[in-house]
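> Sequence isn't available, so here's the structure alone:
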């Protein structure tokens, strides 16, 4: 195996992490070991302030004016489960795009068995949701919620979230968004977008540690909590979970190291996020251009030059995706992901459910030279 | 040397988040504020209360109200 790993699986989890973030996680073990909100002694207070500051800075990054509307959750999947299962009840109808990840598809399949009507609206062959098609589906019957990803983890397609918000609200529905792939890779202003709920991973484009994510619930969105338990402090006499945010959605001891790292990531992205996104756009374009010249390879998703997040998948006319990924790993030290990417609905939409695809996820730390190496390796592998 | 006991005002909040938001605001505005364990007598609140000097309590209360931070209980405590 080559000594150096060229890591192109940022869509699954970003790596390496910036040193500021690693240092913040280490500091949380070394200095802030107390249980936040479970005491008023100096160390517990210091821990609680780390979490308070992280929430404040993430709210600033994501365009949320009151940080209490951002809950820390174990990950984007947990956030998606909370917004779906906390809001949808038997008899409700939901309209959802066909590009969704299993973090949305599986909870909805579960809810469908509990008498929630789920209508899947097919995206176009590039993975893009057509707002007119979505609107027709929403208007056809009373609808509780429209559910859509912010961007695709397979094609990199960026969905028209602002348009979907307007459509949902004009028809008395909520817009619930899986923001896993958008967070960090796109500028996001949640209150301007007007979404009702938005869930994100901390460890992908936001560059934080694994095991922590975010759920934004607009102030008017009364999602039922899925977990009850201790929230710290002296309100322990209350027999039920307090309705106060963020405590309502954060029962149990929080993941302080993860949140500390995510807070550091927010501060880094507030300072350098725009430059990072510009760099990623150049890198993914360079990769896209290079892969278009690989014989027999078909790049999925938006055409070259069209907007996309730094995610790109491709299929070869002859070589299976897993074989390409294995060769890239063993011969060239290039980490990519083959298969269905936890998104069978998306691959069904793209016509790649049987073949799967090879996914290249670009992000922090990559250079032009890395991309050129990947393109050369693909040329060699697909000869 | 032992300090004399004196009266302080306590502000209670419904969550740790609100208590820390209040602490940050009051510190920024130059109010001498100390987080303390919330006494049970203050009610069903989060475990952190903010202690301020009585002569600053009215200004602190006004600042918190203007910032939209809800004070859930106000009490007094003898402390050093």
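Thanks, I have it. Fair warning: this is a prediction, and the values are worked out from it, not measured in the lab.

> Isn't residue A:164 up against residue A:148?
Yes: here residue A:164 reaches residue A:148: they are 5.5 Å apart, a contact under C-beta atoms under 8 Å. Every residue, glycine included, has its C-beta placed from N, CA and C.

> what touches both of the two?
Here residue A:164 and residue A:148 have A:129, A:134, A:175 as joint contacts, going by C-beta atoms under 8 Å, 6 or more residues apart in numbering or on different chains.

> In those, which residue is surrounded by the most others?
residue A:129 (25 neighbours; other C-beta atoms under 10 Å in any protein chain shown).

> how's chain A carved up into domains?
Under automatic domain parsing, the residue ranges defining each domain of chain A are A:6-17+A:273-381, A:19-268.

> right, so those: which one is the most enclosed?
Most buried of the domains of chain A by mean neighbour count (mean count of other C-beta atoms under 10 Å in any protein chain shown) is domain A:19-268; its value is a mean of 21.

> distance between the ends of that domain?
10 Å (C-alpha to C-alpha, to the nearest Å).

> mean confidence score for that domain?
The average pLDDT within domain A:19-268 is 96.

> any residue of it up close to chain B?
Yes: using C-beta under 8 Å from any C-beta of the partner chain, domain A:19-268 reaches chain B at A:36-40, A:45, A:48-49, A:52, A:55, A:67-68, A:231-235, A:237-238, A:242, A:244-247.

> Narrow the residues you listed to those in helices?
Of the residues of domain A:19-268 next to chain B, the ones assigned to helices by DSSP state H are A:45, A:48, A:49, A:52, A:55.

> Need the three-state assignment for the closest residue to chain B within the stretch 251-383 of chain A.
Across the stretch 251-383 of chain A, the shortest distance to chain B (C-beta to the nearest C-beta) belongs to residue A:254, at 10.6 Å. Classification of residue A:254 using DSSP: H, G, I helix; E, B strand; the rest coil returns coil.

> Contacts only, for the nearest residue to it once chain neighbours are set aside.
Excluding the flanking residues, the one nearest residue A:254 by C-beta to C-beta, 6 or more residues apart in numbering or on different chains is residue A:72, at 5.7 Å. With contact set as C-beta under 8 Å, 6+ apart, residue A:72 has these partners: A:51, A:55, A:212, A:213, A:214, A:246, A:250, A:254, A:255, A:259, A:262.

> The first one reaches residue A:36, doesn't it?
Yes: the pair residue A:51 and residue A:36 passes the contact test of C-beta under 8 Å, sitting 5.1 Å apart.

> ok so, going back, nearest to chain B among the shared contacts of residue A:164 and residue A:148?
residue A:175 (25.9 Å).

> Verify the assumption that the closest one is located in a strand.
Yes: assessed by three-state DSSP, residue A:175 belongs to a strand.

> for the residue nearest in space to the middle of chain B, what are its contacts?
Nearest to the mean C-alpha position of chain B, counting by C-alpha atoms, centre = their mean, stands residue B:50 at 2.5 Å. Residues near residue B:50 by C-beta under 8 Å, 6+ apart: B:10, B:11, B:13, B:19, B:22, B:23, B:26, B:33, B:34, B:35, B:36, B:60.

> Can you tell me which of the residues you listed comes closest to residue A:218?
Among the contacts of residue B:50, residue B:13 lies closest to residue A:218 (C-beta to C-beta), at 22.8 Å.

> now the closest one, nearest residue through space, not along the chain?
residue B:19 (4.2 Å).

> list the contacts for residue A:51?
Counted by C-beta under 8 Å, 6+ apart, residue A:51 has contacts A:36, A:72, A:254, A:256, A:259, A:260, A:263.

> any idea how far it is from residue A:71?
From residue A:51 over to residue A:71 the distance is 11 Å, taken as C-beta to C-beta, to the nearest Å.

> list the contacts for the residue of chain A most remote from its centre?
What lies farthest from the middle of chain A is residue A:237; by C-alpha atoms, centre = their mean that is 36.7 Å. Residue A:237 is in contact with residue B:44, counting by C-beta under 8 Å, 6+ apart.

> one more time with 10 Å
B:40, B:43, B:44 (C-beta atoms under 10 Å, 6 or more residues apart in numbering or on different chains).

> Against residue B:17, how distant is it?
Separation of residue A:237 from residue B:17 (C-beta to C-beta): 19 Å.
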